Structures are given as C-alpha cells and as structure tokens.
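Colleague: sequence unavailable; structure follows:
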Ligand SMILES: Cc1cc2nc3c(=O)[nH]c(=O)nc-3n(C[C@H](O)[C@H](O)[C@H](O)COP(=O)(O)OP(=O)(O)OC[C@H]3O[C@@H](n4cnc5c(N)ncnc54)[C@H](O)[C@@H]3O)c2cc1C
C-alpha cells in the first residue's frame, strides 16, 4: 500500500508557548498584521492544560488608564475599547465602563445598630449595595472615562477563537519541557513538549515535528514564551516568579450598580484586609491580597485553593454588603500573578531575548488583562516587522533584565 509522503510546510512557523491572555492576544494580533498571511505563516500555540486556566481566566478584569507601565497602557486601553466596539464586547465578554472608588471601613463596628443612609459619609447615591454604617471614608479613584472592565476568561476565549478563524493557528495541548538551541547556543530552534493526552488540533505530520513515545519536538522559526508565572521553568535566568492570590465570585441577591471598590477594612484590633470588589454585569468578583510565597506548582491544574482564604473573603464580603451576604457563591479559586523580581522595573518584559528567534512576553503583574491587547500588538510588530511600532517599549526590553541561552552543560 502506498504511504503518504509528508508535505514539507515551508511557511514561517511561529510557536507561542502558553495560552493565557498574553499568548492568545499575541496570536490574534499576528493574524491581523498586514504582513501576515495564512499562506506564508502558521502559528502553533502550545498550552499545558487549558487556555485561560491560570490568572487569565481568574483575574478581576479591571482596565484603567492609570495602570502601569505608562509605555503600554494608553495603547492597550484604546485597543480594548476598539475590540469591544468591533466584536460587541459588551455582550461577548461583558466589557463596560465603570467607576472606581476607594473605601475605608471598620467591620468591628457591626454589633452596633446604626442605620445610616449612604449620604451620611457622602457615598455616591447609586453605590447602594455597600453598608454605609461600617464605612468611615471614601474617595473617587477614577470615573468611566478612565476605567473599564472585561470578563477575562470570556475575553481570552473569544480572542482565541478569532485568532483561529484564519485557519493558520493550531492549539496543541501539551506541556513544553525544554527549549532546544543550536550547537553554538546562540539561537533557539525547537521546543520539546509532552502531549496532554488530547489536543484540540493535533500536530500535522510535517517535517517540523518529530516524536518519541512521550515527547514531541516541534521546530519553529520564532518562539515566543508567554507562560507568565511559569517563565523561569523554561528560562531559569528570567527574573519572573509567581504570587498566589485567592478570589471568589458571588451572584448578588439583586442586580447592583457598576463599581470597582478598593477597600481597606479593619477586621480586628490592628488587623486590616484589603479585598478588591468588582461588580460585573451579572456577578461580583472579590479577590484578596497575595499569599506569602508559595512555589508555583507544575501546572494550573495543581494550584492549591485554600478553603479558609476563600471563606475569609465570603465572610467579610457578607459584612460589607447584604446583597453579597444573601448572594450565591459561584467560584472559590486561586491563581498566580506573574511578578518581575527586579527592583528597577515592575515589568512586563516584552520582546526579543539574547537568543536569536526567542522572544518573551511575561511578568505582567496585576495589569496583564489591561495590557494584553497592547502586548499582542507590539509582539506582532516585533515578530513580523522586526520592531515595535505602536508604542515605545524599549524600557521593557527583556535583554535589559536577563541573559537567555542554553544552561551550562546543555
Ligand atoms: C487575583 C488576580 C487578580 C487580577 N486582576 C487583574 C485585573 O483586574 N486587571 C488586570 O489587568 N490584571 C489582573 N491580574 C493580572 C493578570 O491576571 C495577569 O497579569 C495575566 O493574566 C497574565 O497572563 P499570562 O498570559 O502572562 O499568564 P497566565 O494567565 O498565567 O497564562 C500562562 C499560561 O501558560 C501555560 N503554561 C505554563 N507553563 C507552560 C508550559 N511549560 N508549556 C505550555 N504551557 C504552559 C499555563 O497553563 C497558562 O495557561 C490579576 C491577577 C490575579 C492573580
């Protein structure tokens, strides 16, 4: 019986490692770049568990013009707005403008029976789902002109589908375990990954893929590492680590007005907590502060969710708002923030590395949802045109912060 000879695929192959919001937005903007064509380029996204299974699916989704870094924020905030207009983001991923306030409260007061109206401390009239009697002061952080929100999971999944519609983007489920460099150690050539058992699109039998029983090697012309808190697992010299944070979502007992609340709440003598409470269209998202250092686990499936951290959020949310107390808890979850461990920058690191054909877009800290479209746009420009055109991100150049390459002995 004749056997089919694998057809050589001569298209430029871009491999993106990690299908969080950064990897997905990078794929999306490559496919929208004028120099991209499905006949000349193809993209493989390799994701170890599921797209948006890390922080990109569990974040708050606040967008703000006052976020950091200043080099990227205006571009990204504008792109979020444009995407929402283009694709009906209001319905698809709950995009909307909202107001942000900071609130200081004293939850130890709750035993006192005090019935104050919101006006007593001058709270906005429509912020009527926060108990005024335990609030001591508030201030407006920003209005609808400079703050918006998305549902991060819905946004990431939507952008992935839009990226894939050109027919040249494959999603492979598998964990990348190694980057292979050329013999001189100057250029990256391929990735080694362990398939997750199933893949949304299996790797085609082209000359760029080889495999043994457990692992596959996939050659790429350009390789982009977008694995957030997992970056140093693949690039040990890259100064990005993970900080775990817990969050919950609650369907409130009645619809509430669109506010993001940054709180500082006294819960006992000398003890304060600072949950962030974001009202979404149909639920309220509440996240706590980062935990003390807990090592980033193997995959997003192995992230440990501490019940007591979630219950603390449930308890205090219920004191802050009767609409939350009477609501239905829909999620108790945890995820890792990708943090840059360099005093001179709060990140992210975006662009080429010292190794030819190897790029990173990582370390987006607490503003990765905000900065994902901007990151994707400039990554696409760097990959297809050789430099970022839409924003001056030279201060985020990864080469300033670490030297990449094979490990000694490799
Ligand atoms: C509690 C919390 C609230 C937040 N709220 C906001 C907010 O309101 N606004 C905002 O702008 N930002 C917010 N952020 C920050 C934002 O969520 C992150 O900056 C952003 O999600 C990072 O995206 P990423 O794609 O780099 O990483 P991730 O979302 O972590 O994605 C990385 C992906 O890589 C995959 N991966 C890892 N290792 C491998 C491997 N070896 N092979 C293949 N795949 C791999 C993972 O499975 C994962 O899917 C918040 C973060 C947290 C923790």
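Modeller: Yes, it's here. Computed from a predicted model, the values in this text were never measured in an experiment. Numbering: from 1, shown residues only.
Colleague: check which helices and strands the helix or strand encompassing residue 101 is in contact with.
Modeller: When secondary structure is defined using DSSP states H and E, the element that contains residue 101 is strand 99-106. Where contact means 3 or more C-beta pairs under 8 Å, 6 or more residues apart in numbering; DSSP states H and E, strand 99-106 is packed against strand 135-142, strand 259-268. Where you see a C-beta, it was placed from the backbone N, CA and C, and this is true even at glycine.
Colleague: what angle do the last one and strand 99-106 make?
Modeller: This points to strand 259-268. Strand 259-268 runs at 10 degrees relative to strand 99-106, counting by axes from the mean of the first three to the mean of the last three C-alpha atoms, to 10 degrees.
Colleague: swap in the shortest one?
Modeller: Inter-element angle recorded for strand 135-142 and strand 99-106: 160 degrees (by the same axes, to 10 degrees).
Colleague: per-residue pLDDT of residue 406, please?
Modeller: Residue 406 carries a pLDDT score of 81 in this model.
Colleague: let me fix that, I meant to ask about residue 207.
Modeller: Reported pLDDT at residue 207 in the predicted model: 37.
Colleague: helix/strand/coil for the closest residue in space to residue 393 that isn't next to it in sequence?
Modeller: Nearest residue to residue 393 in three dimensions, chain neighbours excluded: residue 71, at 5.1 Å (C-beta to C-beta, 6 or more residues apart in numbering). Following DSSP: H, G, I helix; E, B strand; the rest coil, we place residue 71 in the coil state.
Colleague: and residue 297, by the same measure?
Modeller: With three-state DSSP as the basis, the three-state label of residue 297 is coil.
Colleague: do the same with residue 380
Modeller: Here residue 380 is recorded as helix under three-state DSSP.
Colleague: list the contacts for it?
Modeller: 26, 29-30, 32-33, 36 (C-beta atoms under 8 Å, 6 or more residues apart in numbering).
Colleague: grab the nearest non-local neighbour of it.
Modeller: Nearest residue to residue 380, sequence neighbours excluded (C-beta to C-beta, 6+ apart): residue 29, at 3.9 Å.
Colleague: which helix or strand lies directly C-terminal to the helix or strand of the chain with the lowest mean pLDDT?
Modeller: When each helix and strand of the chain is scored by mean pLDDT, DSSP states H and E, strand 209-211 comes last, with a mean of 63. With elements assigned by DSSP H and E, the helix or strand that comes after strand 209-211 is strand 216-219.
Colleague: and the one helix or strand residue 160 maps to, what does it pack onto?
Modeller: When secondary structure is defined using DSSP H and E, the element that contains residue 160 is helix 152-164. Using 3+ C-beta pairs under 8 Å, 6+ apart as the contact test, the elements touching helix 152-164 are helix 21-31, helix 55-58, helix 73-87, helix 89-92, strand 169-181.
Colleague: among the ones you listed, which is the most enclosed?
Modeller: Between these, the one whose residues have the most neighbours on average, counting mean count of other C-beta atoms under 10 Å, is helix 21-31 (a mean of 30).
Colleague: returning to what we had before: mind checking how far the strand holding residue 101 is from the chain centre?
Modeller: Relative to its chain's centre, strand 99-106 lies at 25 Å (C-alpha atoms, centre = their mean, to the nearest Å).
Colleague: check stretch 300-316 too.
Modeller: In terms of C-alpha atoms, centre = their mean, the gap separating the centre of stretch 300-316 from the centre of its chain is 19 Å.
Colleague: run through who's touching it.
Modeller: Counting contacts by C-beta under 8 Å, 6+ apart, the residues outside stretch 300-316 that touch it are 48-50, 53-54, 107, 244, 246-248, 250, 265, 267, 273, 275, 286-288, 291, 294, 297, 329, 332-336.
Colleague: tell me the buried residues within the residues you listed.
Modeller: Among the contacts of stretch 300-316, those classed as buried by 16 or more other C-beta atoms under 10 Å are 48-50, 53-54, 107, 244, 246-248, 250, 265, 267, 273, 275, 286-288, 329, 332, 334-336.
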